[in-house]
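In: test case, fold it:
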Amino acid sequence: MAHQDFEFSISRIAFDENYRPAENTRITTNFANLARGESRRENLRNTLRMIDNRFNSLAHWDNPKGDRYAVELEIITAEMRIDSDDSDTVFPLIEILQTTIIDSKTGERIAGMVGNNFSSYVRDYDFSVVLPAYMQSHPDAGAPNDFGDLHGKLFKHFLNSRAYRDNFGKPPVICLSVSSKEVYHRTANEHPILGIEYRNDKLSMTDEYFAKMGMKVRYFMPPNSVAPYAFYHIGELLGDYSSLELVSTISVMETFQKIYRPEIYNANSAAAEHYQPSLKYQDYSLTRIVYDREERSRLAVEQGKFAEECFIKPHWAVLEQWSAAFAL
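Out: Purely as a prediction, here's the structure:
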């Protein structure tokens, strides 16, 4: 099957205090999870305020009152169409976030980072269906050798698509939590925006998964943060993006992580020189934002099974043939 038979289209929806998840949005996604329940509007308002406050604290130059900038967010959904002899399917493959920076001093709207958050039904399938089944029969083997191959190729195909090129000027940067299974070591390298660089001795399973998507990783703890983040990127993280672009991804993703992983990112003390994150850490503060982490874990499994039933199984022959050709 030819590559052009997989076509992408992009839809956008504003992430603001009026946001309601679209029907095809993964409900475990950070932003969708916040927009549910009785506290939805207050959750969203507080989250957006946290993002703006953190942005201004990092972009402090020529900003004496700490209120020069605001961040607008759009949820980007990449839908993939599969045309085959017996079906015509459109599947919501990937969701990312795009930031736009509003400069109240100049009146400019400045393009921020695209990427930031990353959600994918196929990743849910890999981590919540494929991996547990494999580890049950191979308890000490880690992930299978082909783990993430299909997902990685689909992601690369999306980045090379006309839909991506027409909408975004730069490759994405994805900012995620560091792994609680690895130890991170502080280095002497310090960046004015990204902060102190950390390294680890061994790539995590998530690092290896993103490597199959063509993305490298560096770990930085930004100024006044308490733990490093994993920044997944394609080109040169420090050279390809402006200071404001880097600030935009830190302010958005640090806010999400303070809500979702307060034990790590809202801890009351900063990461040590040799640091292993832990969700069992007790010395942390909670935000005022309501969130059900247990529900999110359960839904990840449900959505992995949804991807299996609606995307992987019915189109496996086509996907396998395409994946084999993509590797050539």
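
In: what about the helices in this structure?
Out: For the chain, helices defined by DSSP state H occupy the ranges 30-34, 40-58, 121-125, 131-137, 149-159, 162-167, 205-211, 243-260, 262-265, 293-307, 316-326.

In: kindly export the fifth one (C-alpha atoms) in CSV.
Out: Output in CSV follows, covering the C-alpha atoms of helix 149-159 (Å, rounded to 0.1, in the frame of the first residue of the first chain):
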residue,chain,number,x,y,z
ASP,A,149,7.4,0.4,15.6
LEU,A,150,4.0,1.0,14.0
HIS,A,151,3.3,4.0,16.2
GLY,A,152,6.7,5.5,15.4
LYS,A,153,6.2,5.2,11.7
LEU,A,154,2.7,6.6,11.8
PHE,A,155,4.1,9.6,13.8
LYS,A,156,6.9,10.2,11.3
HIS,A,157,4.5,9.9,8.4
PHE,A,158,2.3,12.6,10.1
LEU,A,159,5.3,15.0,10.5
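
In: next, the buried residues of it.
Out: Using 16 or more other CB atoms under 10 Å as the burial criterion, the residues of helix 149-159 that qualify are 150-159. C-beta coordinates here come from the backbone N, C-alpha and C atoms, glycine included.

In: pLDDT of it, averaged?
Out: Averaging pLDDT along helix 149-159 gives 95.

In: now do it and helix 316-326, the angle between them.
Out: Counting by axes from the mean of the first three to the mean of the last three CA atoms, to 10 degrees, helix 149-159 lies at 70 degrees to helix 316-326.

In: elements contacting helix 149-159?
Out: strand 6-15, strand 69-84, strand 87-103, helix 121-125, helix 316-326 (3 or more CB pairs under 8 Å, 6 or more residues apart in numbering; DSSP states H and E).

In: list the helices and strands the first one packs on?
Out: It stands for strand 6-15. Where contact means 3+ CB pairs under 8 Å, 6+ apart, strand 6-15 is packed against strand 69-84, strand 87-103, helix 149-159, helix 162-167.

In: and of these, who's closest to residue 215?
Out: Among the helices and strands packed on strand 6-15, the nearest to residue 215 by CB to CB is helix 149-159 (8.5 Å).

In: about what we covered before: and the helices and strands packed on strand 6-15 as CSV, adding distance to residue 265?
Out: As requested, these are exported to CSV (distance: least, CB to CB, whole Å):
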stretch, distance to residue 265
strand 69-84, 18
strand 87-103, 17
helix 149-159, 26
helix 162-167, 30
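
In: among those, which is nearest residue 323?
Out: Closest approach to residue 323 among these (CB to CB): helix 149-159, 5.3 Å.

In: ok now that closest one, how far from the chain's centre?
Out: 15 Å (CA atoms, centre = their mean, to the nearest Å).

In: report the angle between that helix and strand 6-15.
Out: Using the same axes, to 10 degrees, helix 149-159 lies at 80 degrees relative to strand 6-15.

In: and helix 149-159 with strand 87-103, angle?
Out: Here helix 149-159 runs at an angle of 60 degrees relative to strand 87-103 (the same axes, to 10 degrees).
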